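Engineer: Quick one, what's the 3D model for this:
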Amino acid sequence: MAFYFFIALTAICLIVALRKKKTIFLVIPFLSIIVYFIIQVALVPLPFIETLKFIFSLN
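Structural biologist: Predicted coordinates:
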């Protein structure tokens, strides 16, 4: 579900950026993915720092 949302958001932002000739609209998909990542990490029942250490220590 989230994948389709990000694809749609990216397509909409790309179309708007090309029509209005403003590159700020191209930043919106990246910001939304970062916010989604932070929300998903916050949903883990461990402390935030330990969760980040676990995620980035995976091989």
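
Engineer: next helix or strand past the helix or strand containing Ala17?
Structural biologist: Taking DSSP states H and E as the criterion, Ala17 maps to helix 2-20. Next helix or strand after helix 2-20 toward the C-terminus (DSSP H and E): helix 28-42.

Engineer: Might you list the low-confidence residue ranges for the chain?
Structural biologist: Within the chain, the stretches with pLDDT under 70 are 59.

Engineer: coming back round to it: give the other helices and strands that the helix holding Ala17 contacts.
Structural biologist: Where contact means 3 or more C-beta pairs under 8 Å, 6 or more residues apart in numbering; DSSP states H and E, helix 2-20 is packed against helix 28-42. For every residue, glycine as well, the C-beta is placed using N, CA and C.

Engineer: Give me the residues contacting the helix or strand just after the helix it packs on.
Structural biologist: Past helix 28-42, further along toward the C-terminus, the next helix or strand under DSSP H and E is helix 48-57. The contact list for helix 48-57 (C-beta atoms under 8 Å, 6 or more residues apart in numbering) reads Val41, Ala42, Val44, Leu46.

Engineer: which parts of the helix holding Ala17 are buried?
Structural biologist: Thr10, Cys13, Ala17 (16 or more other C-beta atoms under 10 Å).

Engineer: May I see the buried residues of stretch 28-47?
Structural biologist: For stretch 28-47, using 16+ other C-beta under 10 Å, the buried residues are Ile28, Pro29, Ser32.

Engineer: Give me the most central residue, this structure.
Structural biologist: For the chain, Ile33 is the residue whose C-alpha lies nearest the centre (C-alpha atoms, centre = their mean; 0.3 Å).

Engineer: Could you find the closest non-adjacent residue to that residue?
Structural biologist: Distances taken as C-beta to C-beta, 6 or more residues apart in numbering place Phe6 nearest to Ile33, at 6.4 Å, with adjacent residues excluded.

Engineer: Report the contact partners of the one you found.
Structural biologist: Pro29, Ser32, Ile33, Tyr36.
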